[in-house]
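In: Give me a 3D structure for the following:
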Amino acid sequence: MEHDEERQRWMFAEHDERCENGENCVEPMNAKSPKLHRRVGHVAVKYKNFVIVWGGYEDDEQYDNNAYTREPYYHPADEVMLYDCEYEVWHGVRIHGDPPPRLCGATAEVIGDRMLLFGGFMEDRQLGTSNVRTVYELDLNKMAWKQIWADGVPPLACDKLVSWCYEGKFYLFGGFGPWPDDPGYYRDVRLAAHPGAMREDRCWNDQLVRLADGRWEWPETRGDRPTPRAAHAAALVGSRAYIFGGRLGNRLNDFYCLDLETMVWTKLEPADPAAPVPAARSWHSLTALDDGRLLLYGGFDALSQPLADPWIWSPSSQRWSPCTWLSEPPIRMWHAATPGEAGEVVLFGGLASSVLLDQPTYASGSVFLRETPKSLIRLCLDVLDANRETSVPLVWFTPSPLADGIIARLTACGSKPVV
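Out: The predicted structure follows:
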């Protein structure tokens with residue numbers, strides 16, 4: 001009950017008050033709404049028992065002169081989508097403050113009650129296209145954006161990078177962006193272009209940089225350092241950051257671990273060289289499970305095919321194994337993934353087909369990978385949801401604030417998630 005009171009106080013009380021002042025508004029969302037799922041290059045982070053989804057873009061398709069045209073539509077920067085993991089409902093929240101530009105390919109992490117956002121790619125008809133290297137902070141208590149100004153040498157402007165937070169520090173690795181105007185500041189960063197690349201003025205990098213106490217730091221590392229890359233995936237388990245795959249011209253399936261206490265890189269190989277391993281890929285996800293294992297999902301392979309293959313890495317056995325939690329896992333690439341409830345990983349947005357198609361297929365719902373059954377309260381909510389006509393009158397006999405969550409579930413149009 002204590003958890004429910006905290007949840008309701010954060011979710012509704014403050015935001016409803018601001019909504020009256022025209023600042024923040026919390027709006028129930030249909031779980032099947034294209035506004036939720038038609039996006040790529042977005043970020044998704046876990047905060048308390050919620051998942052926050054922000055940014056990204058989708059193709060705005062126009063039919064004119066017997067032909068389809070595709071223009072990118074970047075999702076507004078002054079709104080976030082909130083998924084309530086316990087009650088399985090979506091809400092849209094309007095944010096105030098000084099928001100970042102509309103972006104895709106940024107990266108974000110939660111530290112305390114703040115979400116930090118870095119990098120990304122912007123496309124504006126007036127301002128043109130560019131990568132950014134600014135940091136923005138979303139205060140999750142006030143739901144307000146502000147830009148963060150930090151001392152020290154800033155990271156390279158880029159998108160499709162990864163991040164993690166450890167001991168209150170915001171770490172960044174890799175990315176793809178323009179060649180630096182001041183390469184002397186980045187002598188220890190390896191930059192790489194690929195012959196035949198679409199944009200010769202852009203490059204991959206292997207920068208490792210962290211934001212600590214308002215200052216950019218460039219930690220020294222030892223060991224087997226990963227090559228420059230972008231569109232890779234990362235996850236943190238304890239004091240170790242893991243990185244898999246990505247692209248450096250060709251797509252990769254190498255696997256690395258950085259010990260954040262010793263700052264030593266290690267290239268990880270299966271204990272059995274003959275054991276199966278995931279194919280090379282980019283635009284995939286890597287998510288830490290409660291017991292320290294890692295879940296790898298989807299992406300875009302070296303043959304330019306979208307993937308639907310979940311894999312589990314076990315640190316104890318040093319082995320990859322196919323994940324069988326779903327009998328028919330759907331294709332997903334350029335999506336985002338976070339832990340949900342205990343024993344669950346949720347995939348948000350992305351594509352359900354190749355990005356190279358004239359009209360690629362966007363995800364129509366979230367993907368839930370569960371190793372354990374749903375919690376008792378979620379099973380009860382499913383029963384109530386399936387019997388709404390008889391359930392609604394009984395809600396008024398339920399103690400508050402539990403009743404508020406049940407009402408949100410029962411009144412949310414199409415609230416049941418799409419698998």
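In: now the helices for this protein?
Out: Here the chain has its helices, by DSSP state H, at 2-8, 14-20, 34-37, 376-386, 388-395, 402-411.
In: And those: which comes nearest Pro101?
Out: With distances scored as C-beta to C-beta, the stretch of those nearest to Pro101 is helix 34-37 (19.3 Å). Quick note: C-beta positions are derived from backbone N, CA and C, even for glycine.
In: centre of the chain versus the closest one, how much separation?
Out: From the chain centre to the centre of helix 34-37 is a distance of 15 Å (C-alpha atoms, centre = their mean, to the nearest Å).
In: Now do that helix: everything it contacts.
Out: If you take C-beta atoms under 8 Å, 6 or more residues apart in numbering as the criterion, helix 34-37 is touched by 29-30, 53, 81, 90, 92, 348-349, 362-366.
In: before we move on, what about stretch 259-270?
Out: Looking at what lies outside stretch 259-270 - C-beta under 8 Å, 6+ apart - the contacts are 166-167, 171, 219-226, 239-242, 254-258, 277, 318-320.
In: If any of the residues you listed are buried, put those into a ChimeraX selection.
Out: This is the ChimeraX syntax for the buried subset of those, where burial follows 16 or more other C-beta atoms under 10 Å:
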select :166,171,226,240,241,242,254,255,256,257,258,320
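In: Restricted to strands, list the contacts of stretch 259-270.
Out: 166, 171, 222-223, 240-242, 254-258, 319-320 (DSSP state E).
In: List only those of the contacts of helix 34-37 flagged as buried.
Out: Applying 16+ other C-beta under 10 Å to the contacts of helix 34-37 flags Met29, Val53, Met81, Trp90, Gly92, Phe348, Gly349, Tyr362, Ala363, Gly365, Ser366 as buried.
In: Of those, which is the nearest to Ile406?
Out: Once C-beta to C-beta is applied, the member of the buried ones among the contacts of helix 34-37 that ends up nearest Ile406 is Trp90, at 15.8 Å.
In: coming back round to it: dump the ones in strands among the contacts of stretch 259-270 to TSV, plus distance to Trp311.
Out: Below are the ones in strands among the contacts of stretch 259-270 laid out as TSV (distance: C-beta to C-beta, whole Å):
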residue	distance to Trp311
Tyr166	24
Tyr171	24
Arg222	28
Gly223	24
Arg240	18
Ala241	18
Tyr242	13
Asp254	14
Phe255	11
Tyr256	16
Cys257	16
Leu258	20
Arg319	10
Trp320	5
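In: Which of the residues you listed sits closest to Gly292?
Out: Once C-beta to C-beta is applied, the member of these that ends up nearest Gly292 is Arg240, at 9.2 Å.
In: Tell me the bridge partners for that closest one.
Out: Val237, Asp259 (DSSP bridges).
In: The contacts of helix 34-37 in strands, which ones?
Out: Met29, Val53, Met81, Trp90, Gly92, Phe348.
In: Identify, from these, the entry nearest to Val209.
Out: Distances from Val209 to the ones in strands among the contacts of helix 34-37, taken by C-beta to C-beta, are shortest for Val53, at 25.3 Å.
In: The nearest residue to that closest one once chain neighbours are set aside: what's it in contact with?
Out: Computed as C-beta to C-beta, 6 or more residues apart in numbering, the closest residue to Val53 that is not its neighbour in sequence is Met81, at 4.2 Å. Taking C-beta under 8 Å, 6+ apart as the criterion, Met81 is in contact with Met29, Lys35, Leu36, Ile52, Val53, Trp54, Trp90, His91, Gly92, Val93.
In: 7 Å - rerun?
Out: Met81 makes contact with Met29, Leu36, Val53, Trp90, Gly92, according to C-beta atoms under 7 Å, 6 or more residues apart in numbering.
In: ditto for Asn205
Out: Taking C-beta under 7 Å, 6+ apart, we find Asn205 in contact with Leu156, Cys158, Gly174, Gly175, Val189, Arg190, Leu191, Pro228.
In: likewise Pro76?
Out: Contacts of Pro76 (C-beta under 7 Å, 6+ apart): Arg102.
In: and the ones in strands among the contacts of helix 34-37, which two are the farthest apart?
Out: Greatest spacing in these, by C-beta to C-beta: Gly92 and Phe348 (14.0 Å).
In: What's the local residue count around Asn49?
Out: Burial of Asn49 is recorded as 18 neighbouring residues (other C-beta atoms under 10 Å).
In: my guess is it contacts Glu88, does it?
Out: No: Asn49 lies out of contact with Glu88 (C-beta atoms under 7 Å); the separation is 11.0 Å.
In: Which residue in the ones in strands among the contacts of helix 34-37 has the weakest pLDDT?
Out: Ranked by pLDDT, the ones in strands among the contacts of helix 34-37 bottom out at Met29, which has 80.
In: next one: stretch 76-91 to chain centre, how far?
Out: 13 Å.
In: buried sites along it?
Out: In stretch 76-91, counting by 16+ other C-beta under 10 Å, buried: 77, 79-91.
In: ditto for stretch 311-319
Out: So stretch 311-319, judged by 16+ other C-beta under 10 Å, has buried residues Trp311, Ile312, Trp313, Pro315.
In: same check, this time on stretch 399-413
Out: Pro401, Leu402, Ala403, Asp404, Gly405, Ile406, Ile407, Ala408, Arg409, Leu410, Ala412.
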